[in-house]
Each structure stands twice: as structure tokens, then as C-alpha cells.
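In: what shape does this take:
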Amino acid sequence: MHRVEFQCILPTGSYSPNEDLNAGANFFSFDPYWAATWFVVPKWTLSWRVHYLWNDENDSPDVHVFPTAKKTQAGQAVHLNWAASYEAIEKRLDVGVNGYFLSQFTDTRADGQDVLGRREQVIAVGPGAVYHFSQNDHLFFNSYFEMDARNRTEGQRFILRFVHHF
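Out: Here you go, the predicted model:
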């Protein structure tokens with residue numbers, strides 16, 4: 001199975017260049033992806049989603065990070081999410097391993113100039129599971145242990161998500 005999506009991230013939400021945390025980002029992003037699932041054998045699947053990320057300029061950058069810049073633009077990146085799963089209990093429980101990878105491959109720019117030493121990268125791997133209560137109700141658990149992080153924090157992430165299809 002394959003899916004291609006051309007998603008856009010719009011600059012909605014409040015934004016202030018003087019605040020450390022903002023609901024909005026003050027710039028447009030284009031983040032298309034290709035997703036696929038390969039049914040290796042009846043109970044084993046491999047899935048992935050490969051993204052390309054492009055960000056537009058921010059004409060009011062964070063004054064704490066770029067105190068004198070009039071415009072900034074985050075570098076381009078590629079990121080990948082993947083999972084390998086096994087159906088442990090038929091139509092009820094899938095278990096497996098999952099992960100992600102992010103690599104920024106162009107420099108962030110400030111006022112049209114490359115800002116060196118800011119390219120981000122991270123790799124993460126961990127166990128995951130999904131429990132299917134019904135055809136419409138699913139509980140996901142994923143954990144990730146990050147490594148090889150560059151220019152960003154590195155740690156552990158635990159995600160519990162409930163999905164109900166209407």
C-alpha cells in the first residue's frame with residue numbers, strides 16, 4: 001500500500017518574537033511525504049513514511065536566538081518514521097519496533113546568510129504496540145530512545161495515543 005501527501009503547515013496561532021514559547025511559528029512550511037506498508041507475511045508488516053521539509057522565511061525572528069536579524073529561514077530537512085510489527089493476538093494486539101530519523105541538510109539562514117553549526121540530526125529506536133478494542137477504537141504505545149543527536153536535545157520519548165474513528 002502506498003500513499004503520497006502534500007501537506008502544508010500554515011502560520012496559525014499567536015506569535016511573538018519576544019516569547020520563548022509560541023502557539024504559532026510565523027512562517028509557512030511545505031512537508032510532503034510518501035508512506036508505504038509492506039505485508040511481508042500474513043502477521044508481519046513493515047511501514048515507513050519519508051518526508052521532505054521546506055520552511056519559508058520568518059520576517060519576525062525570535063529575538064533571543066537572533067537578536068539583530070530581520071529575517072530567518074530554517075534549513076531543509078528529510079525525516080523518516082518507520083515501524084516493523086507482528087500480530088501477536090489476531091485482530092487485537094500488534095507489537096514491534098519503531099523509530100525515526102531526522103537530518104537537516106541545508107543551513108539555517110539569517111538575513112540571507114548561512115548560519116553555520118546549527119544543522120540538526122537525530123536517530124531514535126524503541127518498542128511499540130497497538131491494541132485494537134474494535135474496528136474503530138485503537139490504543140497506541142510507542143517509546144523512542146534517541147541517539148546521535150546534533151544541535152538538539154537527546155532523550156527518551158513515550159507516547160500513549162487513543163484513536164477513535166467516527
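
In: mind checking which helix or strand the residue nearest the centre of the chain is in?
Out: Centroid check for the chain by Cα atoms, centre = their mean gives His79 as the closest residue, at 6.7 Å. Assigned by DSSP states H and E, His79 falls within strand 77-89.

In: and the next helix or strand along the chain from that strand, how far from the chain's centre?
Out: Once strand 77-89 ends, the next helix or strand along the chain (criterion: DSSP H and E) is strand 93-104. Here strand 93-104 shows a centroid-to-chain-centroid distance of 11 Å under the convention Cα atoms, centre = their mean, to the nearest Å.

In: quick one: contacts of strand 93-104?
Out: With contacts defined as Cβ atoms under 8 Å, 6 or more residues apart in numbering, strand 93-104 is touched by 74-88, 118-132, 142, 144. Just so you know, the C-beta spots here come from the backbone N, C-alpha and C atoms, and that holds for glycine as well.

In: excluding residues flanking it in the chain, which one is nearest the residue nearest to the centre of the chain?
Out: Once flanking residues are discounted, His79 sits nearest to Leu102: 4.3 Å by Cβ to Cβ, 6 or more residues apart in numbering.

In: what segments of this protein are strands?
Out: 2-9, 29-41, 44-55, 72-73, 77-89, 93-104, 108-110, 113-115, 121-132, 137-150, 156-164 (DSSP state E).

In: ok, residues contacting the first one?
Out: Here strand 2-9 makes contact (Cβ under 8 Å, 6+ apart) with Ala25, Phe28, Ser29, Phe30, Asp31, Pro32, Tyr33, Trp34, Ala35, Ala36.

In: repeat for the fifth one
Out: If you take Cβ under 8 Å, 6+ apart as the criterion, strand 77-89 is touched by 42-53, 93-105, 120, 128, 130.
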